[in-house]
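1. kindly return the folded structure for what I paste below:
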Amino acid sequence: MVFSVCESELYAVRAVKSGCTMPSDPEHSTSRTAPPARVINIYHIIGNVLPWNTAYKASRVLNTLYALELGATPFETGLLLATYGLFPLFFAVHAGKIADRLGVRMPLFGGLFLLIAGIALPFVWSALAALYVAAAVSGAGFILSQVAMQTLTGSLGSGAARTRNFSLYVLAVATADFVGPVLAGFSIDAYGHVRTYLHAALLACVSVAGFLLIARLIPPPRGTDASRAGERVIDLLRPRDLRRVFLAGAVTMTAIDIFQLYLPLYGHATGLSASAIGLVMGASAVAVFVTRALIPRMARRYGEETTLTYSLQLTAAMIALIPFFNSALVLGAICFLLGLGMGLGQPLTVILAYNYSPAGRAGEVVGLRIAVNNFMHVAMPPMFGAIGSLVGLAPVFWISACALSLGAYATRPPVRGT
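-> Numbers count the residues shown, from 1 in each chain. Model (predicted):
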């Protein structure tokens, strides 16, 4: 497990917080070398993850709506969304290796500065071309920071403790999924598209300040291990369990992309305002928040893999219903149910990927999972954008629903022997 050098301190802190007694060794009982205040915990992480995730999610919706304002076609808007996945596709595994071997500080802060630069770019260069550059740069920054934070979160415990930590982490992300689009919609209506980019960039700066304040709590670099030089990424695709996790993550990402890109397009085509579109998308985020709060309980009762399969089936059913309605109220109800399904997919694949990862390669597995997701992130939006340009938006939702149904069948858990 990554950052294993810190595990003894982390377990000691957990024991103190839970009221457990430590061994009755005098040196242990009197030691003050690792007080709880010096060890990072999940609340430090989620408190600082929330602002930059909110800014990033706001900028994605903002880019889509601003592209439409600048006259972009559905195909061009699909290419714009795909641009977010270019750097994550090619560099997510490397980001995981850095987090495993050199620590999370460098990818975290480097990623945040790139993210801020990408979000702020359209504020100083207001053109359709700028949106593509901004998407590429902010996507690169997001992936560096995301891999670092997921790797660090997974290292804080194991078993039920890890599930709980990831649940809290994804609750923060779910909050950002709700607040980001809603803030973007109201800011666009009040201040315009260009000024909203500045607001989002300033919000991301809050996370930089917060992480700088707790930088001393972040585990230091571990250094490289020469014995790991022969490890290959392809070896991570050999275990069947990991392959199923990667496939589940890929189809979940496809659903999220279709929702984030084509719901604004569909809402725009039916005459909904930016505020109404933001609220409809926010309904999904509220459901995601509710669902993710229940992940530990559902995982205990049904198991992570079975819960994941059911979530994909629910997501497919709701996506298929979207083109039949144009009322903001009805779409909001559908998107709430859609969020119940989507809210389980991503965190469960993160937890399963971490659980199935070989020793010392958790960050690399997390990075590979993200790379697979972003292959879909790059490939699917232009393809669906071309379909939308040729035959309309409704077939895009129905084809996506069919793909999700097939993915749910392919990723169902195998029957384990007793």
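
2. so residue 59 is in contact with residue 193, correct?
-> No - if you go by CB atoms under 8 Å, residue 59 and residue 193 don't touch, sitting 10.9 Å apart. Every C-beta, even on glycine, is put in place using the N, C-alpha and C of the backbone.

3. where does pLDDT dip in the stretch 151-300 of the chain?
-> Low-confidence segments of the stretch 151-300 of the chain (pLDDT under 70): 157-159, 220-233.

4. and if we set it to 90?
-> 151-192, 210-300 (pLDDT under 90).

5. and the helices in it?
-> 160-191, 193-213, 240-269, 274-293, 295-302 (DSSP state H, counting those that start in this stretch).

6. out of those, flag the one nearest residue 391.
-> When the helices of the stretch 151-300 of the chain are compared by CB to CB, helix 240-269 sits nearest residue 391, at 13.2 Å.

7. packing partners for the helix or strand containing residue 405?
-> Taking DSSP states H and E as the definition, residue 405 sits inside helix 394-410. If you count contacts as 3 or more CB pairs under 8 Å, 6 or more residues apart in numbering; DSSP states H and E, helix 394-410 packs onto helix 240-269, helix 304-321, helix 362-391.

8. how close does the residue lying closest to residue 43 once chain neighbours are set aside sit to residue 313?
-> Ranked by CB to CB, 6 or more residues apart in numbering and with sequence neighbours excluded, the top spatial neighbour of residue 43 is residue 168, at 7.7 Å. As judged by CB to CB, to the nearest Å, residue 168 and residue 313 stand 26 Å apart.

9. which one's more surrounded, those two?
-> A count of neighbours by other CB atoms under 10 Å puts residue 168 above the other of residue 168 and residue 313, at 19 against 15.

10. you'd agree that one is up against residue 41?
-> No - using CB under 8 Å, residue 168 makes no contact with residue 41, being 10.0 Å away.

11. output the contacting helices and strands for the host helix or strand of residue 330.
-> In this structure, residue 330 sits in helix 328-356 according to DSSP H and E. Counting contacts by 3+ CB pairs under 8 Å, 6+ apart, helix 328-356 is packed against helix 128-154, helix 160-191, helix 240-269, helix 274-293, helix 295-302, helix 304-321, helix 362-391.

12. could you say which one of these comes nearest to residue 340?
-> Across those, closest to residue 340 is helix 274-293 (CB to CB), at 4.7 Å.

13. CA atoms only: put that closest one into PDB for me.
-> Only the C-alpha atoms of helix 274-293 are listed here, as PDB (Å, rounded to 0.1, in the frame of the first residue of the first chain):
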ATOM      1  CA  ALA A 274     -29.200  28.400 -18.400                       C
ATOM      2  CA  SER A 275     -30.500  28.500 -14.800                       C
ATOM      3  CA  ALA A 276     -33.100  25.800 -15.500                       C
ATOM      4  CA  ILE A 277     -30.400  23.600 -17.100                       C
ATOM      5  CA  GLY A 278     -28.200  24.100 -14.100                       C
ATOM      6  CA  LEU A 279     -31.000  23.200 -11.700                       C
ATOM      7  CA  VAL A 280     -31.900  20.100 -13.700                       C
ATOM      8  CA  MET A 281     -28.300  18.900 -13.700                       C
ATOM      9  CA  GLY A 282     -28.200  19.800 -10.000                       C
ATOM     10  CA  ALA A 283     -31.100  17.400  -9.300                       C
ATOM     11  CA  SER A 284     -28.800  14.600 -10.500                       C
ATOM     12  CA  ALA A 285     -26.100  15.800  -8.200                       C
ATOM     13  CA  VAL A 286     -28.400  15.900  -5.200                       C
ATOM     14  CA  ALA A 287     -29.200  12.200  -5.900                       C
ATOM     15  CA  VAL A 288     -25.500  11.400  -6.300                       C
ATOM     16  CA  PHE A 289     -24.900  13.000  -2.900                       C
ATOM     17  CA  VAL A 290     -27.700  10.900  -1.300                       C
ATOM     18  CA  THR A 291     -26.500   7.700  -2.900                       C
ATOM     19  CA  ARG A 292     -22.900   8.100  -2.000                       C
ATOM     20  CA  ALA A 293     -23.800   8.700   1.600                       C
END
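
14. and it, what's buried?
-> 274-289, 291-292 (16 or more other CB atoms under 10 Å).

15. model confidence score at residue 141, please.
-> pLDDT for residue 141: 90.

16. what about it, how many neighbours?
-> Neighbours of residue 141 (other CB under 10 Å): 25.

17. same thing with residue 190?
-> 11.

18. same question for residue 378.
-> 21.

19. quick one, what contacts it?
-> By CB atoms under 8 Å, 6 or more residues apart in numbering, the contact set of residue 378 is 82, 85, 86, 89.

20. how close does it sit to residue 135?
-> 11 Å.

21. understood, closing this out.
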